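Engineer: turn this into a structure:
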Amino acid sequence: MSWNSAMAGIAVHGDFPEEFGLNFETVTIADAGSSNQVAALLAGSADVGSFGINTAVDAILGGAALQIIGGASYIQQTIVASNDAIEKYGIDFTDSPIERVAALKGATIAAGPEGSSGNNSLRAILADAGLDPDVDVNIVPLADTSGAVAAGLENGVYDATFGPMGSGEAAVLRDKAKTILSVPAGEAEVLEGNINSVFVAPTKLIEEQPELVQRIRDAFRAATNLVEDNPEIARGLIRDNIYPDMEEELFEASWQMTRVGYPKDATYAEENWTSFVRIYDPLSDHDYASLKFKDVVNVIATK
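Structural biologist: Numbers count the residues shown, from 1 in each chain. Okay, here's the model as predicted:
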């Protein structure tokens, strides 16, 4: 769980299961952003998932009987560079964030697994900065982009990281690194309109139990709107159930930055799909433009 999937955590641990006549049970799937999540849904080990949109769409393009039933979050991640890397690459904080990213030519950057939304979003940002993600930098895929990120920065394993809010920032709070670009702060214009994490359900479940899926969708909507309607309760649920061990200063800073990054009503609209295709189709071997919105996104996601 991370800030990207926090709304699923709120839905499970808040009052929403009882309110909507549900009994949520969390299923832990190894390797976030991987085919394991898709396999769990298709095998019936899980009824609904919250994960990166690239993982979901790649599976659908490959023939998986899944559909998006809601939007979970815009990407809640930052690019953080170590102090040594800032000096090495001459990163100038009077430059714009995207110009600071351009200075990372030759750097080693840790990100999510190849094919994940985090990895692909980093590639989009790098391309927007004029860098070839496969030539100009060395992207190191990490299965865990939370706990080990700060240590990797501080020990010189990576020059920079692109991880969930609060991961690289731990090194920032220790004055060992600095944030050079924040997506939640609106500093990655190339990602505008793209909802990075989505709620996904098997088509079979949607067709056979539409009333159940609607209640699940309603629970996700209520959980997401809690961030705006009652932020203190939302903050407490995330704090207690997702980040109980995070330092308070780091958690508060991350919360203040990420709380604006969740789509109202947990909707996923056609304009969001248009943004996805615009961003990722040119960077991928997959033909995302060939997919029709209605085949990827169930109508309940738009309401």
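
Engineer: quick check: which ranges of the stretch 1-150 of the chain have low pLDDT?
Structural biologist: Across the stretch 1-150 of the chain, the ranges flagged by pLDDT under 70 are 30-34, 143-147.

Engineer: quick one, helices of it?
Structural biologist: Secondary structure of the stretch 1-150 of the chain by DSSP state H, counting those that start in this stretch: the helices cover 6-13, 16-19, 35-43, 53-61, 83-88, 97-102, 117-128, 149-154.

Engineer: count of residues packed around Val12?
Structural biologist: 19 (other C-beta atoms under 10 Å). C-beta: built from backbone N, CA, C; applies to glycine.

Engineer: what about it, distance to Thr26?
Structural biologist: Distance of Val12 to Thr26, given as C-beta to C-beta, to the nearest Å: 6 Å.

Engineer: thinking again about what came up before, with distance to Ser290 added, can I get the helices of the stretch 1-150 of the chain in CSV?
Structural biologist: CSV is the format used below for the helices of the stretch 1-150 of the chain (distance: least, C-beta to C-beta, whole Å):
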stretch, distance to Ser290
helix 6-13, 29
helix 16-19, 36
helix 35-43, 19
helix 53-61, 8
helix 83-88, 39
helix 97-102, 30
helix 117-128, 18
helix 149-154, 35
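
Engineer: how about the strands in the stretch 151-300 of the chain?
Structural biologist: Counting by DSSP state E, counting those that start in this stretch, the stretch 151-300 of the chain has strands at residues 160-164, 177-182, 195-202.

Engineer: can you tell me what sits against the shortest one?
Structural biologist: Okay, so that is strand 160-164. Residues from elsewhere that reach strand 160-164 (C-beta atoms under 8 Å, 6 or more residues apart in numbering): 2-4, 76-82, 85, 104, 107-112, 118, 121-122, 125, 142, 145-146, 149, 152-153, 167-168, 180.

Engineer: distance from that strand to the middle of the chain?
Structural biologist: Offset of strand 160-164 from its chain centre (C-alpha atoms, centre = their mean, to the nearest Å): 12 Å.

Engineer: in the sheet, which strands lie alongside it, parallel or antiparallel?
Structural biologist: Here strand 160-164 is paired, per DSSP bridges, with strand 77-82 (antiparallel), strand 108-111 (parallel).

Engineer: got the angle for the longest one vs helix 117-128?
Structural biologist: Computed by axes from the mean of the first three to the mean of the last three C-alpha atoms, to 10 degrees, the angle separating strand 77-82 from helix 117-128 equals 70 degrees.

Engineer: now strand 77-82: how far from the chain's centre is it?
Structural biologist: Here strand 77-82 is found 15 Å from its chain centre; the criterion is C-alpha atoms, centre = their mean.

Engineer: now stretch 226-246
Structural biologist: 17 Å.

Engineer: 31 is where my numbering starts, stick with that
Structural biologist: Got it, the first residue is 31 from now on, which makes the last one we talked about stretch 256-276.

Engineer: average pLDDT for that stretch?
Structural biologist: On average, the pLDDT along stretch 256-276 is 94.

Engineer: endpoint to endpoint, it covers what distance?
Structural biologist: End-to-end distance of stretch 256-276 (C-alpha to C-alpha, to the nearest Å): 22 Å.

Engineer: rewinding a little: single out the most deeply packed of the strands paired with strand 190-194.
Structural biologist: Comparing those on average neighbours per residue, with mean count of other C-beta atoms under 10 Å, the densest one is strand 107-112 at a mean of 29.

Engineer: not counting that one itself, show me its contacts.
Structural biologist: Contacts to strand 107-112, defined as C-beta under 8 Å, 6+ apart, come from residues 34, 119, 121, 131, 134, 137, 139, 148, 151-152, 155, 179, 183-184, 186, 188-195, 197-199, 201-202, 206-214.

Engineer: can you do 6 Å?
Structural biologist: Residues outside strand 107-112 that contact it (C-beta atoms under 6 Å, 6 or more residues apart in numbering) are Leu183, Ala190, Thr191, Phe192, Pro194, Gly198, Ala207, Thr209, Ile210, Leu211, Ser212, Val213.

Engineer: export those to a markdown table and tack on neighbour count?
Structural biologist: As requested, the contacts of strand 107-112 are arranged in a markdown table below (neighbours: other C-beta atoms under 10 Å):
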| residue | neighbour count |
| --- | --- |
| Leu183 | 29 |
| Ala190 | 28 |
| Thr191 | 29 |
| Phe192 | 30 |
| Pro194 | 25 |
| Gly198 | 31 |
| Ala207 | 26 |
| Thr209 | 19 |
| Ile210 | 25 |
| Leu211 | 23 |
| Ser212 | 19 |
| Val213 | 26 |
